[in-house]
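**Student:** Dropping a prediction and its sequence here:
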Amino acid sequence: MTTDFTFSLRTTRFDEDYVPDSGSRITTNFANLARGDDRRENLRRALTMISARANELAGTEDRYAVELDIVSAELHPSADEGEEPAADDAGIPLIEMLDVQILDRATGARLPGITGNNFSSYVRDHDFSVRLPAHQPATDSGAGASGPGPVVPEDFGALHGRLFRRFLASDVYREHFARPPVVCISVSTSRVYRRIGAPHPVLGVEYATDGSSLTDRYFGEMGLQVRCFMPRGAAAPLAFYFEGDLLADHTDLALIGTIATMETFQRIYRPEIYSAREPAGEVYRPRLDNPDHADTGIEYDREERSRLGAAQGRYIEERLLVPHGERLEQWLAEEVAR
C-alpha cells in the first residue's frame, strides 16, 4: 500500500474575542496579539487598522470591513491514502494560515478574499530554528546579513515543501478553497531592492532583488514564486509568494484584503520597516535598526518569538519527525519519484 497521510482542517474566527487554542503556534502574528492584559484592545486596534487600510486602498470612506478566519491544518500520520482519520486519531498541528473575506457594508455581501496571507508551520520552525543552526560548523555562527550566510543542508525544506503541496492537493483543502494560497511576508533585511516596471493600480510599485534568498528557496520547495510590491501609501514593499499569476488570478478587492491585513501585522511587528517615516526609494535595503518610525502602541517581543520558534521546532520533532521519521522518509521518496 502506498504510504500517505491525511489532513484535517478547522477554522477559527479572528476577532476581538479570539483566544489561541492549545494547538496554535504561539509565535504566530495573530496569536501573539491575543496575549496579556491588553489582548482585547490589541485585537480591536489591529482589526480597525486592517479595515481602515482596506478602505484607503479601495478609495472608500467606510464601505468595507475585512473579516479573518484562522485556518489550522492538522496531519494524521496513522491514516493511509483514501482513509478518513479515526475518531480518536488526534492530528498533529502542521500549518496555520488566514482566510480573508470582505464585508461590503453597502450591499451586505461578503466577498471572497485570498487564503494564505500569514503562514506559520511547525516543520518550518524545526528547519530554521533547530535543524539549520545544528548544521553549522562549530566555528561558524551562521549569522546572515553581513557574512556569507548559513551552511544549508542539501535537502533543506524538501519534506516541508512536499507536505505543503500534498495538503493543497488534498480533498479537504479543495473542498474549502478554490485557489492556492498567497503568502505575504516582510522583505528581507539582508537584500537590496530596486524599483522596476510600471506600478500596478492596487499592488503599487514593484521591486526586484538580485538572486534568491534562503526564504525564497524554501518557499520554492513549496511550489511558490515571489514578487515584491509597495502599495500606495506604504513605507516598504511586501513579499508575495504565490502559484500561478498574482495579478490575473485575484480581484483588486481580494488583493486589497491581503495588503491591508499583512501590512497591518508588519507595522506592528516590524515598525522600523513598515511604519518608517521615510518610505522606500528607488533603491532600498530594509533596516531593523531604523530609529525614525512611528509606534503603533501595540507591544511585540521579537526576542521571545525567536526563543519560542526553537521550542516549537523541538515540539514537532518529538510529535512527528522522530516517531514517524522512517515513514516520512519513505513517503518523501515516493513523492519525489512521482
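**Tutor:** Everything's here; your move. Numbers count the residues shown, from 1 in each chain.
**Student:** Point out where the stretch 201-338 of the chain drops to low pLDDT.
**Tutor:** Applying pLDDT under 70 to the stretch 201-338 of the chain flags the ranges 300-306.
**Student:** Can you list the residue ranges for strands in it?
**Tutor:** 204-208, 225-230, 238-242, 283-284 (DSSP state E, counting those that start in this stretch).
**Student:** Return the most buried member of the ones you listed.
**Tutor:** Mean neighbour count, computed with mean count of other C-beta atoms under 10 Å, is highest for strand 238-242 among the strands of the stretch 201-338 of the chain, reaching a mean of 23. The way it works is simple: take the backbone N, C-alpha and C, and place the C-beta from them, glycine included.
**Student:** That one - which strands sit beside it in the sheet, and in what orientation?
**Tutor:** Strands that pair with strand 238-242, judged by DSSP bridges, come out as strand 182-186 (antiparallel), strand 225-230 (antiparallel).
**Student:** Just the CA coordinates for it, please, in CSV.
**Tutor:** Output of strand 238-242 as CSV, limited to C-alpha atoms (Å, rounded to 0.1, in the frame of the first residue of the first chain):
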residue,chain,number,x,y,z
LEU,A,238,5.8,43.4,0.8
ALA,A,239,7.0,40.0,-0.5
PHE,A,240,4.2,37.9,-2.1
TYR,A,241,4.7,34.2,-2.5
PHE,A,242,2.2,32.5,-4.9
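**Student:** I'd like the distance from that strand to the chain centre, please.
**Tutor:** Its chain's C-alpha centre lies 9 Å from the corresponding centre of strand 238-242 when counted by C-alpha atoms, centre = their mean, to the nearest Å.
**Student:** Now Val152. Nearest residue, chain neighbours left out?
**Tutor:** Leu214 (6.6 Å; C-beta to C-beta, 6 or more residues apart in numbering).
**Student:** of the strands of the stretch 201-338 of the chain, which approaches His324 most closely?
**Tutor:** Nearest of these to His324, taken as C-beta to C-beta: strand 238-242 at 27.1 Å.
**Student:** which residues touch the closest one?
**Tutor:** 119, 180-188, 203, 219, 222, 224-231, 246, 249, 258-259, 262-263, 266 (C-beta atoms under 8 Å, 6 or more residues apart in numbering).
**Student:** can I assume Ile185 is in contact with Phe119?
**Tutor:** Yes - counting by C-beta atoms under 8 Å, Ile185 does reach Phe119; the two are 7.4 Å apart.
**Student:** Drop anything exposed from the contacts of strand 238-242.
**Tutor:** 119, 180-188, 203, 219, 222, 224, 226-231, 246, 258-259, 262-263, 266 (16 or more other C-beta atoms under 10 Å).
**Student:** To Ala90, which of the strands paired with strand 238-242 lies closest?
**Tutor:** Comparing these by C-beta to C-beta, strand 182-186 comes nearest, at 27.0 Å.
**Student:** C-terminal to the closest one, what's the next element?
**Tutor:** strand 193-200 (DSSP states H and E).
**Student:** picking that back up, what's the closest of the strands of the stretch 201-338 of the chain to Ala310?
**Tutor:** strand 238-242 (23.5 Å).
**Student:** angle of the closest one against strand 193-200?
**Tutor:** Counting by axes from the mean of the first three to the mean of the last three C-alpha atoms, to 10 degrees, strand 238-242 lies at 70 degrees to strand 193-200.
**Student:** follow-up on the earlier one: which one of the strands paired with strand 238-242 lies nearest to Glu317?
**Tutor:** Of these, the one closest to Glu317 (C-beta to C-beta) turns out to be strand 182-186, at 23.5 Å.
**Student:** who's in contact with the closest one?
**Tutor:** 97, 114-119, 215, 219, 224, 238-242, 246, 250, 258-259, 261-262, 266, 269-270, 273-274, 286.
**Student:** Check stretch 198-205 too.
**Tutor:** Contacts for stretch 198-205 (C-beta under 8 Å, 6+ apart): 57, 195, 197, 206, 229-232, 234, 237, 240, 246-247, 252, 255-256, 259.
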